[in-house]
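Trainee: Pasting the sequence and the predicted coordinates here, then a few questions.
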Amino acid sequence: MDWGRVWTAKNWERLLVGNLNSTGEAGGLLLTLEIGLLSIVLATILGAVIGLMRHSSRAILYLPALVYIEILRNVPLLILVFWAYFVPPYFGVQTSKFVSVLVALTLFTSAYIAEIVRGGIRAIPVGTLDAARALGLSWVQSQLRIVLPIAFYNMIPALSGRYVVAIKNTSLAFLIGLSDLTEVGKQISNLLMTSPVEVYATLILIYFVVNALLSQGMRLLENRRRFGKLFARF
């Protein structure tokens, strides 16, 4: 194996940032992180809202949430990516490849997070919400300041696993022509012709490091003191 011939400075640049320096377009690892982290943030917010709706006793709230969750959890992500890319132009709406992948990943991940949120809320003793209401907090204040912080702390292990899956799912972006980490790695492998082992072993290592750091960050939040300080800011 000739790692030095494979990973020249130019190939490392393409793998990490794509053609950012020459064309201004991010690619490679940078693009993967942009899509992955942004989809995680958006999916967490959307999933929390859908999860609260699903937990509601009002049919007008939980029925739409139930339909949303069941549809998205039973449709392959690959199909969602194609739909997000091909359907908007059919109705005269032009979207970029980046937005198409971001929308598909956000919707797909949010459906799973919604169920995680619902499970986390159901695990909270009923008396906790009653105590919050007894203190004079409104329903919204009770959810934001009492219920959700406790629920999210309990959900950290499950959320960590879902976030790792979201980062790995970004590899599907290459199917519609985005130069993410997987696509750039494939391009380098095709260009060299004789070094697929070195290229794909490097991709495995990069994905492992990124997801290991993400998992470690989530584990740090499991420290109650750090978690309490985080939510105290809100």
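Mentor: Sure thing, it's come through. Residues are numbered from 1 along each chain as shown.
Trainee: Poorly predicted segments of the chain, please.
Mentor: Where the chain drops to pLDDT under 70, the residues are 1-4, 20-24, 139, 223-234.
Trainee: make it 90
Mentor: 1-14, 17-28, 52-53, 55-59, 61-62, 89-95, 118-157, 174-179, 187-198, 216-234 (pLDDT under 90).
Trainee: Report the central residue of it.
Mentor: Centrality entry for the chain: nearest residue to the mean C-alpha point is I40, 3.0 Å, by Cα atoms, centre = their mean.
Trainee: Mind giving me the packing neighbours of the host helix or strand of that residue?
Mentor: Assessed by DSSP states H and E, I40 sits inside helix 28-55. When contacts are defined as 3 or more Cβ pairs under 8 Å, 6 or more residues apart in numbering; DSSP states H and E, helix 28-55 packs onto helix 9-17, strand 18-19, helix 59-73, helix 97-122, helix 148-169, helix 181-192, helix 196-221. To be clear about C-beta, it is placed using only N, CA and C from the backbone, and glycine gets the same treatment.
Trainee: ok, 7 Å please
Mentor: Judged by 3 or more Cβ pairs under 7 Å, 6 or more residues apart in numbering; DSSP states H and E, helix 28-55 is in contact with helix 9-17, strand 18-19, helix 59-73, helix 97-122, helix 148-169, helix 181-192.
Trainee: could I get the ones you listed as JSON lines with mean neighbour count and distance to L175?
Mentor: Below are the helices and strands packed on helix 28-55 laid out as JSON lines (neighbours: other Cβ atoms under 10 Å; distance: least, Cβ to Cβ, whole Å):
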{"stretch": "helix 9-17", "mean neighbour count": "16", "distance to L175": "19"}
{"stretch": "strand 18-19", "mean neighbour count": "20", "distance to L175": "17"}
{"stretch": "helix 59-73", "mean neighbour count": "14", "distance to L175": "18"}
{"stretch": "helix 97-122", "mean neighbour count": "22", "distance to L175": "9"}
{"stretch": "helix 148-169", "mean neighbour count": "19", "distance to L175": "11"}
{"stretch": "helix 181-192", "mean neighbour count": "20", "distance to L175": "9"}
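Trainee: Run through the residues that contact the residue nearest to the centre of the chain.
Mentor: 163, 166 (Cβ atoms under 7 Å, 6 or more residues apart in numbering).
Trainee: if we can go back for a sec, and of the helices and strands packed on helix 28-55, who's closest to A84?
Mentor: Each of these was scored for nearness to A84 using Cβ to Cβ, and the closest is helix 97-122 (4.2 Å).
Trainee: Could you measure from the residue in the chain sticking out farthest from the centre over to S142?
Mentor: The centre of the chain is farthest from one residue, A134, which by Cα atoms, centre = their mean lies 36.7 Å away. Separation of A134 from S142 (Cβ to Cβ, to the nearest Å): 10 Å.
Trainee: what do the two both touch?
Mentor: Counting by Cβ under 7 Å, 6+ apart, nothing touches both A134 and S142.
Trainee: Thought L29 was touching I206, still the case?
Mentor: Yes: using Cβ atoms under 7 Å, I206 is in contact with L29, at 6.2 Å.
Trainee: Between the two, point out the one with more neighbours.
Mentor: The neighbour count for I206 versus L29, taken as other Cβ atoms under 10 Å, is higher for L29 (21 against 17).
Trainee: what sits against that one?
Mentor: 15-16, 181, 206.
Trainee: and the residue lying closest to I113 once chain neighbours are set aside, how far is that from A166?
Mentor: Leaving aside its chain neighbours, I113 sits nearest to G47 (2.9 Å; criterion: Cβ to Cβ, 6 or more residues apart in numbering). G47 sits 11 Å away from A166, going by Cβ to Cβ.
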